[in-house]
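Chemist: Below: sequence and its predicted model.
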Amino acid sequence: MSSVVKLWRGRGGIPAAATNEKLTTSAKLQPRKAGDNFVAIRLIAALLVIFGHSFPLTGGEGPGYLGSPVSTLAVKVFFVISGYLISESWMQDANVARYLCRRALRIFPALSALCLLTVLLVGPALTQLNWAEYFGNPGTWDYLENVILKPNYALPGMFGANLYPGAVNGSLWTLPVEFSMYLLTPVLMILPRKGLWICLTALGLSAASVWFNRIAIPAETVVVWGTNLVSWLEMAPYFVWGIVYRLWLRPGFLNVQVAMVLLLLLPLGIYNWASAEVVSLLIVPYVTLSLGQGAPPRFAWLERIGDLSYGIYLYGFLVQQVVASFFLTPGHHWMNFLLAAPISVILGALSWHFVEKPAMRLKPSRPLV
């Protein structure tokens, strides 16, 4: 497991499960136009996660930007959008019970379906053990700890001959990080002078992330509930910066043209690994939200198809490992990606239409007063 934690701390996985909830007009937010581009951005990010993972799963080194592999960067985009939209969910209905119910319905039904299918269908079909050994092994049932957001990467007899053995679904490490931020959000939002405290939290987490991920990386891994705390620090600031933008946005602040200029100019100031993360913390939230709120929303039509990104993210790594087990693709990351991506999109669509969307219909509504 330590090798898995080491890999995924540096390479990222999804994001986390971004909400599909909509923004409303407020005094501090630019008035919403018809739709937005967030569904499209999440879809692209989910596919970039698969593309980024195709390199380590085929024994190669992948491209990166701002000091992070492309898959890690895509996860950061997920966290920014999640913080931005989920803080809006709280602002629409500041009720702890209803808020947590909505968050649970967004995360757990699709995750539970994935874990059950993995243990009861994919595992028996692909394990090198016989069924009696597989189902009699405690490790088989330990894998279901993923349902309670305690990452467990191995299933008995699975993917032992792959170039990255032992990891059935390495992307699941981000889900406890995401859910911890769901729990932190109402705490931050009920503080007096919350705008100030949320800004200070974002700055503090950013400083800690740069320090522990880029400058003074701990010699020993600290793991809480299956989660590497350094990995948690890598993603948490992006979520909180999403909240900051939601609270402090003024009309006209987000601008696609400015975002493109920042993408070109700020990287010129990078001189080491730590400064790359500082630039990332400046660029990723602004560019992500500028593109998401860009007008006119050219990609709002994707909302009619559904928000497939969470399902794609959940199934992508597993599909890639299955592909790698059937088609030996050492060094051929494009083959792994091109075979796995369409299958993951199909599974993401099935997850959305048959699990996630029905579960979201159960979300409690704010009582009419």
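Modeler: That came through fine. What you are looking at is a predicted structure, and each value in this text was computed from that prediction instead of being measured. Numbers count the residues shown, from 1 in each chain.
Chemist: all strands in the stretch 151-300 of the chain, in order from the N-terminus.
Modeler: For the stretch 151-300 of the chain, the strands defined by DSSP state E, counting those that start in this stretch occupy 223-224, 227-228.
Chemist: Would you convert those strands into CSV that also reports mean pLDDT?
Modeler: Below are those laid out as CSV (pLDDT from 0 to 100):
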stretch, mean pLDDT
strand 223-224, 94
strand 227-228, 94
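Chemist: Relative to residue 143, which of those strands is closest?
Modeler: strand 227-228 (16.4 Å; Cβ to Cβ). C-beta here means a position set from N, CA and C on the backbone, and glycine is covered the same way.
Chemist: among the strands of the stretch 151-300 of the chain, which is nearest residue 339?
Modeler: Here strand 227-228 is closest among the strands of the stretch 151-300 of the chain (Cβ to Cβ), at 29.8 Å.
Chemist: Report the distance from the closest one to the chain centre.
Modeler: Strand 227-228 sits 15 Å away from the centroid of its parent chain (Cα atoms, centre = their mean, to the nearest Å).
Chemist: Deepest-packed of the strands of the stretch 151-300 of the chain, please.
Modeler: Ranked by mean neighbour count under mean count of other Cβ atoms under 10 Å, the strands of the stretch 151-300 of the chain are led by strand 227-228, which reaches a mean of 21.
Chemist: Give the pairing partners of that strand; include direction for each.
Modeler: strand 223-224 (antiparallel) (DSSP bridges).
Chemist: Out of the strands of the stretch 151-300 of the chain, which gets nearest to residue 137?
Modeler: strand 223-224 (22.8 Å).
Chemist: rewinding a little: export the strands of the stretch 151-300 of the chain to CSV and append columns for distance to residue 362.
Modeler: As requested, the strands of the stretch 151-300 of the chain are exported to CSV (distance: least, Cβ to Cβ, whole Å):
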stretch, distance to residue 362
strand 223-224, 30
strand 227-228, 28
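Chemist: Can you tell me which of these is nearest to residue 116?
Modeler: strand 227-228 (22.1 Å).
Chemist: Now that we're looking at residue 231, what pLDDT does it have?
Modeler: If you check residue 231, the pLDDT there is 96.
Chemist: just use 45 as the starting number from now, easier for me
Modeler: All set: I'll call the first residue 45, so the last point we hit is now residue 275.
Chemist: Test my guess that it contacts residue 219.
Modeler: No - assessed by Cβ atoms under 8 Å, residue 275 is found out of contact with residue 219, at 11.9 Å.
Chemist: that older thread, could you point out which of the strands of the stretch 195-344 of the chain sits nearest residue 261?
Modeler: strand 271-272 (11.2 Å).
Chemist: Low-confidence stretches in the protein?
Modeler: 45-78, 412-413 (pLDDT under 70).
Chemist: How many neighbouring residues does residue 102 have?
Modeler: 24 (other Cβ atoms under 10 Å).
Chemist: what's the answer for residue 355, then?
Modeler: 28.
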